[in-house]
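Q: One predicted model, sequence on top.
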Amino acid sequence: MSRTNEELLTEAIDVYLSSLKYLDSFVSEPAVKYGLSFEQFLILHTIADRKDVSLMDIASERKVTRSAISRQIKVLLSHDYIYQKPAESDRRRLYLHLTPSGQEVERKVYDLITQRFNRWLTHYGEDRAKEIIGFIKDFASTEMQNFPPEG
């Protein structure tokens with residue numbers, strides 16, 4: 001490895017230790033006050049956005065196992081943020097719906113996240129935000145495709 005590459009690796013490790021490993025906590029902070037992880041909020045948001053969505057639909061779209069989503073759903077059920085209702089055409093298929101408190105929490109957390117994102121856009125600008133998002137998408141499609149689904 002060249003000296004420049006070693007320096008770049010050291011800098012990448014420093015960035016991870018000082019910043020990136022805390023990014024998840026920073027992003028998920030608006031949901032935490034409602035007893036949710038960011039992933040659980042995203043499930044709430046999907047349910048709020050769509051009609052007739054099932055656990056399997058969410059698992060398939062996120063490319064994770066059914067059991068990974070099932071664990072998140074159990075938390076949402078225990079908080080009384082969602083309920084399950086059988087489909088009329090196939091009683092074995094359960095659709096997910098928000099309870100009134102789930103609707104309120106989803107809206108409040110979404111508003112907080114939107115405010116936070118708008119502050120980022122104001123600070124960094126739309127072009128830089130698009131550049132960062134583009135890099136992350138490229139990284140994910142190139143480097144992360146060999147990882148197995150969460151589970």
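A: Cool, got the structure.

Q: Can you tell me how far L9 is from L17?
A: 13 Å (C-beta to C-beta, to the nearest Å). For glycine as for every other residue, the C-beta is placed from the backbone atoms N, C-alpha and C.

Q: Residues touching the helix-or-strand element of the chain with minimal mean pLDDT, excluding its own?
A: Here the helix or strand of the chain ranked lowest by mean pLDDT, DSSP states H and E is helix 21-32, holding a mean of 82. Residues outside helix 21-32 that contact it (C-beta atoms under 8 Å, 6 or more residues apart in numbering): 37-38, 40-41, 109, 112-113, 116.

Q: quick one, what contacts E11?
A: Neighbouring residues of E11 by C-beta under 8 Å, 6+ apart: there are none.

Q: hang on, I meant R116
A: P30.

Q: if I've got this straight, it is in a strand?
A: No. Counting by DSSP: H, G, I helix; E, B strand; the rest coil, R116 is not found in a strand; it is helix.

Q: Quick check: closest non-adjacent residue to the residue nearest the centre of the chain.
A: Nearest to the mean C-alpha position of the chain, by C-alpha atoms, centre = their mean, lies E39 at 4.1 Å. Distances taken as C-beta to C-beta, 6 or more residues apart in numbering put Q72 closest to E39, at 5.8 Å, once the chain neighbours are dropped.

Q: residues touching that neighbour, list them.
A: Counted by C-beta under 8 Å, 6+ apart, Q72 has contacts 37, 39-40, 43.

Q: any idea how far it is from L55?
A: 9 Å.

Q: Kindly report the same for V75.
A: According to C-beta to C-beta, V75 and L55 sit 13 Å apart.

Q: what helix or strand is the residue nearest to E39 on?
A: For Q72, the host element (DSSP states H and E) is helix 66-78.

Q: for K130, same thing?
A: Going by DSSP H and E, K130 is in helix 126-143.

Q: ok, residues contacting that helix?
A: Residues outside helix 126-143 that contact it (C-beta under 8 Å, 6+ apart): 120-121, 124.

Q: export those to a markdown table and tack on pLDDT and secondary structure?
A: A markdown table is the format used below for those (pLDDT from 0 to 100; DSSP: H, G, I helix; E, B strand; the rest coil):
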| residue | pLDDT | secondary structure |
| --- | --- | --- |
| W120 | 88 | helix |
| L121 | 92 | helix |
| Y124 | 92 | helix |
